[in-house]
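Engineer: Can you look at this prediction? I've put the sequence above it.
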Amino acid sequence: MDPAAFKPQSLDRDAKVYVAGHRGLVGSAIWRKLESEGFTNLIGRTSTELDLKNRDDVFGFFSEEKPQYVVLAAAKVGGIMANNSYPVDFLSENLQIQVNTMDAALENDVERLLFLGSSCIYPKLAPQPLKEEYLLTGHLEPTNDAYAIAKIAGILQVQAVRRQYGKPWISAMPTNLYGPGDNFSPTGSHVMPALIRRYDEAVRDGTETVVNWGTGSPLREFLHVDDMASACLFLLENYDGPEQVNVGVGSDVSIKELAETVASTVGYTGRMEWDASQPDGTPRKLMDVSKLAAAGWTASVSLEDGIRQTVDWFRDHRDSFRG
Ligand SMILES: NC(=O)C1=CN([C@@H]2O[C@H](COP(=O)(O)OP(=O)(O)OC[C@H]3O[C@@H](n4cnc5c(N)ncnc54)[C@H](OP(=O)(O)O)[C@@H]3O)[C@@H](O)[C@H]2O)C=CC1
Ligand SMILES: C[C@H]1O[C@H](OP(=O)(O)OP(=O)(O)OC[C@H]2O[C@@H](n3cnc4c(=O)[nH]c(N)nc43)[C@H](O)[C@@H]2O)[C@@H](O)[C@@H](O)C1=O
């Protein structure tokens, strides 16, 4: 990555900004961040109001609204089981959402666009930590290869638009995210919300043994979604380059350690077991975040504080997640 790509970009606080996926974990955090930083003209649409898979509707929306900036945080998203069970949905829906949104953004002359990918774009057995240049250097993790291919296509589309049309569009690759507003579905979610819900329910139900998926040995890095939103604005204000930029905290924990922290945070004192018939996924995916750090951005929410805050949020909202 060319360090010169990190340079101040002027952003107009009164520009119309379309946050695609503004009700999701990431999109809602980006919306809050932009509002708190003085952006006055944010627009969003639910998937019911505007299905980004519907190309005609997407083109109609862009030609009517004419947003100047776009944050593309709408996607079909899920944890290891959802990705492994519904690969064609993750491939096809994400490709449609991305291609329609970026094509319509190009046709309507969107000035700045930020595409969100994921750390799963890197090869399963790449050296750690994962540097941006490891993209397309090896085989993907099979539990999420379909989703990863869609995300890689998104990075390439951003790069191709830059090359062919000279637009200053960019891509960010977040590590595993968590925080208020996450998806707490027991089977569809990522590990953090799954564990918070499972251990919180175990405490309330007096369950003596809680079973987690896999062996507990995989290592994962967790970034609080408010940090992710802050990094997104930082990139929009400070980065103009073709290469995707990693966003993470720079350290990881084993799933077993994570489960123990969640259990102790919610006050669970029973037994913990592991169901090794469930997939572990990739053994490790620690992001190399030195590019972003050198440019002046680092995460600020500690894992312990972030888990405590997310547990509190879940407890305040858990009735809406029952069933
Ligand atoms: N969560 C994580 O750990 C990580 C997430 N990311 C990336 O961050 C981005 C946001 O993820 P996250 O916030 O977690 O996901 P969520 O599932 O929380 O939110 C996804 C959003 O996308 C919208 N959406 C989905 N399908 C459509 C559609 N067909 N038309 C219009 N809108 C649609 C949903 O809208 P609605 O609510 O209206 O249905 C929802 O607001 C994604 O690109 C994801 O790949 C990357 C790495 C890790
Ligand atoms: C962000 C990222 O998210 C996905 O990749 P992942 O990191 O493997 O996702 P995960 O959070 O679902 O699991 C992490 C680890 O945790 C273990 N684990 C234990 N117990 C539960 C559990 O109860 N639920 C879940 N989901 N996992 C569990 C699980 O077995 C695995 O070892 C991608 O598909 C892709 O979408 C992507 O980019």
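Structural biologist: Good, I have the coordinates. A quick note: this is a predicted structure, and the numbers were derived from the prediction, not measured. Residues are numbered from 1 along each chain as shown. Ligands and ions are numbered 1, 2, ... in the order given.
Engineer: Enumerate the residues of the stretch 51-200 of the chain near ligand 1.
Structural biologist: Contact residues (C-beta under 6 Å from any ligand atom) of the stretch 51-200 of the chain with ligand 1: 51-53, 73-77, 97, 116, 118, 174, 176-177, 183, 190. All C-beta atoms are positioned from the backbone trio N, CA, C, and that covers glycine.
Engineer: Out of these, list just those in strands.
Structural biologist: Leu116, Pro174, Asn176, Leu177 (DSSP state E).
Engineer: So the last one versus ligand 2, what's the distance?
Structural biologist: The one in question is Leu177. Separation of Leu177 from ligand 2 (C-beta to the nearest ligand atom, to the nearest Å) stands at 7 Å.
Engineer: which residues touch that residue?
Structural biologist: When contacts are counted by C-beta atoms under 8 Å, 6 or more residues apart in numbering, Leu177 touches Leu25, Val26, His190, Phe222, Leu223, His224, Val225, Met228.
Engineer: For beta bridges, what are the partners of it?
Structural biologist: Leu177 forms beta bridges with Leu223, as assigned by DSSP bridges.
Engineer: And the pLDDT for it?
Structural biologist: Looking at Leu177, its pLDDT is 98.
Engineer: ditto for the first one
Structural biologist: With respect to pLDDT, Leu116 has a value of 98.
Engineer: go on, Gly323?
Structural biologist: 52.
Engineer: where do the strands sit along this structure?
Structural biologist: 16-20, 41-43, 69-72, 112-116, 170-174, 176-178, 209-213, 219-220, 222-224, 245-247, 253-254, 271-275.
Engineer: Name only those of the ones in strands among the residues of the stretch 51-200 of the chain next to ligand 1 that count as buried.
Structural biologist: The neighbour count (16 or more other C-beta atoms under 10 Å) marks Leu116, Pro174, Asn176, Leu177 as buried among those.
Engineer: Would you mind checking which of those is nearest to Arg271?
Structural biologist: Of all these, Asn176 has the smallest distance to Arg271: 25.8 Å, by C-beta to C-beta.
Engineer: shouldn't the closest one be in contact with His190?
Structural biologist: Yes. If you go by C-beta atoms under 8 Å, Asn176 and His190 touch, sitting 6.3 Å apart.
Engineer: And the strands of the chain: which comes nearest Arg197?
Structural biologist: strand 209-213 (11.0 Å).
Engineer: could I get that closest one in PDB with only the CA atoms?
Structural biologist: Backbone C-alpha positions of strand 209-213 (Å, rounded to 0.1, in the frame of the first residue of the first chain) are rendered in PDB as follows:
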ATOM      1  CA  THR A 209     -23.900 -27.200  31.600                       C
ATOM      2  CA  VAL A 210     -23.500 -24.900  28.500                       C
ATOM      3  CA  VAL A 211     -22.300 -26.400  25.200                       C
ATOM      4  CA  ASN A 212     -20.400 -24.300  22.700                       C
ATOM      5  CA  TRP A 213     -19.600 -25.000  19.100                       C
END
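Engineer: Look at the closest residue to ligand 2 within the chain and report its pLDDT.
Structural biologist: Using C-beta to the nearest ligand atom, the closest approach of the chain to ligand 2 is made by Gly79 at 2.8 Å. Note on Gly79: pLDDT of 98.
Engineer: which bits of the chain sit near ligand 2?
Structural biologist: By the rule C-beta under 6 Å from any ligand atom, the part of the chain lying against ligand 2 is 79-81, 83, 118, 120, 143-144, 147, 176, 189-191, 194, 212-214, 218, 220, 255, 278-281.
Engineer: Count the neighbours of the residue of the chain found nearest ligand 1 for me.
Structural biologist: Of all residues in the chain, Gly24 sits closest to ligand 1, at 2.1 Å by C-beta to the nearest ligand atom. Using other C-beta atoms under 10 Å, Gly24 has 21 other residues around it.
Engineer: got it, and Val253?
Structural biologist: As a burial measure, Val253 scores 15 neighbours (other C-beta under 10 Å).
Engineer: I figured it hits Ser217, correct?
Structural biologist: No. With contact taken as C-beta under 8 Å, Val253 and Ser217 are classed as non-touching, separated by 11.4 Å.
Engineer: Who does the closest residue to Glu65 other than its chain neighbours form a beta bridge with?
Structural biologist: Sequence neighbours aside, Ile43 is the residue nearest to Glu65 in space, at 6.1 Å (criterion: C-beta to C-beta, 6 or more residues apart in numbering). On the basis of DSSP bridges, Ile43 is bridged to Tyr18.
Engineer: contacting residues for Ile43?
Structural biologist: Ile43 neighbours (C-beta under 8 Å, 6+ apart): Lys16, Val17, Tyr18, Val19, Glu65, Pro67.
Engineer: okay if I get those residues as CSV plus neighbour count and pLDDT?
Structural biologist: Listed next are these as CSV, based on neighbours: other C-beta atoms under 10 Å; pLDDT from 0 to 100:
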residue, neighbour count, pLDDT
Lys16, 17, 98
Val17, 25, 98
Tyr18, 26, 99
Val19, 29, 99
Glu65, 13, 98
Pro67, 24, 98
